[in-house]
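J.: I need the structure of the sequence given here:
(chains A and B)
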Amino acid sequence: MGRTYLGEFEEIVLLTVGILYEDAYAVAITKEITKQSARPVNVSAVHKSLYRLEKKGMLKSKLSDPESKRGGKRKRLFMITPYGKTALDESMDLRTKMRNQIPDLAFKWDIR
Amino acid sequence: MLSNGTLDKVSKRINIPKIPHAFFKWYCKTEKYEELHGDLEEFYYEKVEEAGLTKARLFYIWNVIRCFQPYAWRIPESQNSTIIMFKNYFKTSYRSMMRHPLNSFINLFGLSAAIGVCVVGYAFIKYTFKIDQFHENRNEVYLTTFFADREGVEQQNGTTPTPFGAALKDDLESITKVTRLEDRKVVVKYDALKVFHESVSYVDPEFLEMFTFPLKWGSKKPLDDLNGIVLSEKMSEKYFGKEYSIGETVKLIFGPDNSKIFTVTGVAKEFPGARSFDFDFLINFENFRTSDPEYDLNDWSRFVDATFIQVNSSSNLQFVEERMEKYRQAQNEMQSDWHITSFAFEPLVTLFENSANIRGDVAGDGFMDLYNSSLSFIIIGFFVLVLAASNYINIAIVSAVKRLKEIGLRKVIGANRSMVIVQFLAENLMMMLIALSIGLALGASVFVPWLENTMSFDMDFTLNDRLLLIFLPSILLFTGLISGLYPAFYISKFQVANIFRGSFRVGKKNYLTRIFLGFQLLLACVIISVAVIFTQNTNYQLNRSWGYEKEQALFVKVPDRSAFDQLQSALVQDPNVLSIAGSSHHLGRSSINALLDFPERQYEVRQMSVDHNYFQTMGLQLKEGRFFEAHRKSDNETVVINETLASNLEDPIGATFKIDDNSFEVIGVVKDFHSYNFYSKIKPTIFRVSEPSDYKFLTLRVNSGSEDRAYEKLQSEWASLFPEIPFDGGYQEDVWGNFSEDIRDGDRFWRALALVVVSIAGLGLYGLVTLNVSGRSKEFSIRKVLGAELVNIFSNITRQYSLVFFLALAIAAPASYYLVALIFNIFFVYYMPLNYSFFIFSSGILVFVLLAVVGTQLRRLTRSNPVDGLKVE
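T.: Prediction:
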């Protein structure tokens, strides 16, 4: 695979999977994102990103045991793969690197 | 969180909504159902706790809808393999297209250019049959016409006795609306600077209700006001610019000392392009009482340009038709010499189509020309499509050689013949879809505007057109089938064993390829020939004699006798002026119709009243007899006739006849001349002596080379003598207006078409030769190694095309000859004598194309190292 590409929302989902560690499944992720970013997220958007990230190889998944609160259904738990971590790091590095290159003067509006 | 026990109790109450659940189950992949629906259920139960049942249900439904996305969709098992198969087809098609960009370009270019041509044809045909169909009342509005005997033939006429309209409206209740229409030339003046001759239509106020010419600005009934005038958008812009012009005043000058101020009460919206008649200015019909006080509106022997009636239904029309006898009698009592046999009503919806049969109606006679052009467009569109399709077929067959292994492999894996056919048809379909979109864009954004620009009319073409949605797929189907079927069947026939043994030779001796090539060349040759002949004919038309000396002659329209005299005395001293003539009619501008009563029969002729100087001034040539002479009073009872009329008379000089019971004698015959352009046939014409009080035109002949000075002088004299009246005159050479431009439009069109066709055919030939040469690279390399000269290789390549070329050209020559003869007979009355000189040019172009194509390949061959050619694989 060549250049890794992460969409903004995908990146947030990837981060959330990491945060939730052993309990990263769609409902929990949706809630976590809503809580952290204070923006309303629908579960279907999370589904979409999760499956795409899995396809890209940045996540892997397994099914849990059945739970009664889900009507006796199993849930799919996601985990970050090493490739996912690289992609995440690269993305974060790029941002930090570029952010640091902005001269301080660019933020000193009162001088001009 | 609820414990297990409580959940069991409540679960019955808070059941998942059934219908959305079923929908979810239906679309969701079986293997993902558990995890996905688990998520939804978890949200649902939570929401029930938090916000209650109703909100939870709504939220659940919302989630089900949101999850209706590709990642969750079930792929029906039955279609699975088919989809994969087609995906594979498209992928291989795409790859082969990309691997041979030249072939793909040739195919795409040809097909899209052909489709572009078809789109133009479609737009043109649509325009032809759309004319006047924008009028909402087109089925209820009728033009009144009458039948009368003309030289033994029942002729339908589009004009109407003046009082007829008013009488109909007063007498018959079934007629809801009536409008009369009469166009007059009037001088319109605004400020001091804007003074022009204009055509003003006198109509009844109902005109604007009967016809759909909506107003851009102005009151509801702008013509109820006798002083109101309605302008077309074009005229409003001409006089007032883009400004709001309601309330502005213009002065209409009807004649010397007769004018009236009008207030603009309405401005019409831009007219639709597809219309057969419109207006520049509208004023109330009653204004005739001011502008022309002597015009008796109750005189049955006078005619207005048109009278339209509107009825509520066609059954009412029958009722109206049954009551026409009374008017026929009234009319025939007043006009005893020319009896009306019956009145008839022509619905607006078919008026334009039938207008060629109706004499002098407002819709004009353009329909047959448009209809014939539409037919030509159908034929042209068909042939260009076939041309592009044969390119496709040729290239598909010859390039199949490069895909033999692919086909062989498919067959080995288990594809049967029909699957290979489907594959190639799918490939063709993909190509066609791309070509269709390019062609549509090309047609709509390049070809249609070009044609509109050249022919200077607006076809109102839009892509928002339901008929187009039928037309385009049928083009797709037609071209797809003719271009795709044969290659698909041919290629699918290959035997696998032969392919892999390597003993398979394809396209080497394919006669069909040659037939297609021959057909393409034939078509290209015919269209180039037509273009060449049209260009030749244009030159011929521009140089054809008008039958009189149009050079050195100028003319100007004068309002009356005194104006004529003033202008004459101002010009007569000029040494450059050779002669001055006065006349009431003028060549290329006006004449009237007259009925000649010979003892044995009647002739309908054109009549022009002129003075004795006119013949010399216009350079008309005498064939026999004499012209009018000055101071010869008895000439008032004589006429000069043209050759066309003379050929109908046994002994023209001295023949006598009557016009309106006055006797006349023929004293001279003038050589035939074209009073109007070459589109109309020379009519039998007579010249009579004009009363000086009737002079409407002043004509002058000047020394050669002084035309421009004379023209300036004429204008400046005019401006100082008659500042109120716009100058209306000019060089006699310009009297036919746009004729020379019109005549050029034809060959512009054919040249553009020839360019398109030659590029399609040329590219096709290029593709064919390139494939052929590259397929024989080993052979040519060996030839080179063995010492073959360039000439040998050249003749080797061209040999296989020469017979096809020769045959195509041999058929094309007579074919184009007859085609052109056919087209000329339809569109022209006078055209150049046909000969075969065009053929040198068209065959030259095609031979040049062949040589150029072979030349590029030869160049490649001479530059290449024979070792590379032999090394292949």
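
J.: going forward, measure contacts and count neighbours with C-alpha atoms only.
T.: OK.

J.: Is B:Q329 in a helix, a strand, or coil?
T.: helix (DSSP: H, G, I helix; E, B strand; the rest coil).

J.: can you check B:S759 too?
T.: helix.

J.: What sits closest to B:K189 if chain neighbours are left out?
T.: B:V195 (4.4 Å; C-alpha to C-alpha, 6 or more residues apart in numbering or on different chains).

J.: Who are the contact partners of the one you found?
T.: Contact partners of B:V195, counting by C-alpha atoms under 8 Å, 6 or more residues apart in numbering or on different chains, are B:187-189, B:724-726.

J.: Now list the buried members of those.
T.: The neighbour count (16 or more other C-alpha atoms under 10 Å in any protein chain shown) marks B:187-189, B:724-726 as buried among the contacts of B:V195.

J.: TSV for those residues, including pLDDT?
T.: Compiled in TSV, the buried ones among the contacts of B:V195 are given as follows (pLDDT from 0 to 100):
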residue	pLDDT
B:V187	88
B:V188	90
B:K189	88
B:E724	77
B:I725	81
B:P726	83
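
J.: can you list the weak-confidence ranges in chain B?
T.: B:1-14, B:76-80, B:150-151, B:336-338, B:502-510, B:872-873 (pLDDT under 70).

J.: which parts of it sit against chain A?
T.: B:2, B:4, B:7, B:34-36, B:38-39, B:41-43, B:45, B:63, B:66-67, B:71 (C-alpha under 8 Å from any C-alpha of the partner chain).

J.: Buried subset of these as a PyMOL selection?
T.: Here is the PyMOL command that selects the buried residues among the residues of chain B next to chain A (16+ other C-alpha under 10 Å):
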select buried, chain B and resi 7+34+35+36+38+39+41+42+43+45+63+67+71
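
J.: just checking, which of the residues of chain B next to chain A belong to helices?
T.: B:4, B:7, B:34-36, B:38-39, B:41-43, B:45, B:63, B:66 (DSSP state H).

J.: Just give me the closest of these to B:D257.
T.: B:R66 (81.4 Å; C-alpha to C-alpha).

J.: Would you map the strands across chain A?
T.: A:59-63, A:76-80 (DSSP state E).

J.: Can you give the strand pairings for the last one, parallel or anti for each?
T.: With DSSP bridges as the test, strand A:76-80 is paired with strand A:59-63 (antiparallel).

J.: Name the residues of the helix or strand containing B:M430 that are buried.
T.: Using DSSP states H and E, B:M430 sits in helix B:417-442. Neighbour counts over helix B:417-442 (16+ other C-alpha under 10 Å) mark B:417, B:419-433, B:435-436, B:438-442 as buried.

J.: if we can go back for a sec, out of the buried ones among the contacts of B:V195, name the ones that lie in strands.
T.: Using DSSP E, the buried ones among the contacts of B:V195 in strands are B:187-189.

J.: and the helix of greatest length in chain A, what does it pack onto?
T.: In terms of residue count, the longest helix belonging to chain A (DSSP H) is helix A:82-101. If you count contacts as 3 or more C-alpha pairs under 8 Å, 6 or more residues apart in numbering or on different chains; DSSP states H and E, helix A:82-101 packs onto helix A:8-20.

J.: Burial check on the residue lying closest to B:P347 once chain neighbours are set aside, number of neighbours?
T.: Once flanking residues are discounted, B:P347 sits nearest to B:Y142: 4.2 Å by C-alpha to C-alpha, 6+ apart. Other residues near B:Y142 number 24, with proximity taken as other C-alpha atoms under 10 Å in any protein chain shown.

J.: Adjacent strands (with direction) for the helix or strand where B:Y142 lies?
T.: Assigned by DSSP H and E, B:Y142 belongs to strand B:141-150. Partners of strand B:141-150 in the sheet, by DSSP bridges, are strand B:153-157 (antiparallel), strand B:306-311 (antiparallel), strand B:340-347 (antiparallel).

J.: Can you show me the CA trace of stretch B:719-737 as CSV?
T.: C-alpha atoms of stretch B:719-737 as CSV (Å, rounded to 0.1, in the frame of the first residue of the first chain):
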residue,chain,number,x,y,z
ALA,B,719,-31.0,64.7,-45.7
SER,B,720,-31.1,68.4,-46.5
LEU,B,721,-34.4,68.2,-48.5
PHE,B,722,-36.3,65.8,-46.3
PRO,B,723,-34.9,65.7,-42.7
GLU,B,724,-38.2,64.1,-41.4
ILE,B,725,-38.0,61.1,-43.7
PRO,B,726,-35.5,58.3,-43.4
PHE,B,727,-33.5,57.6,-46.5
ASP,B,728,-34.6,54.4,-48.2
GLY,B,729,-32.4,53.4,-51.1
GLY,B,730,-29.0,52.4,-52.2
TYR,B,731,-27.0,50.5,-54.8
GLN,B,732,-29.0,48.4,-57.1
GLU,B,733,-26.5,45.6,-56.4
ASP,B,734,-27.7,45.4,-52.8
VAL,B,735,-31.4,45.3,-53.6
TRP,B,736,-31.6,41.6,-53.1
GLY,B,737,-30.5,42.1,-49.5
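
J.: Chain A versus the residue nearest to B:P256 when sequence neighbours are not counted, what's the distance?
T.: Distances taken as C-alpha to C-alpha, 6+ apart put B:P559 closest to B:P256, at 7.6 Å, once the chain neighbours are dropped. B:P559 is 77 Å from chain A, where distance means C-alpha to the nearest C-alpha, to the nearest Å.

J.: Surely B:P559 and B:G255 touch.
T.: Yes - between B:P559 and B:G255 there is a contact at 7.4 Å, judged by C-alpha atoms under 8 Å.

J.: what about B:G668, is that helix, strand or coil?
T.: On the three-state scheme (three-state DSSP), B:G668 is labelled strand.

J.: meant to ask about B:A524
T.: Applying three-state DSSP: B:A524 is helix.

J.: for the one 4 residues further on, same thing?
T.: When the structure is reduced to helix, strand and coil (three-state DSSP), B:I528 reads as helix.

J.: That one: what's it in contact with?
T.: B:750-751, B:754, B:758, B:842.

J.: and chain B, what are its domains?
T.: B:4-72, B:80-132+B:365-506, B:141-362, B:508-545+B:738-873, B:553-737 (automatic domain parsing).
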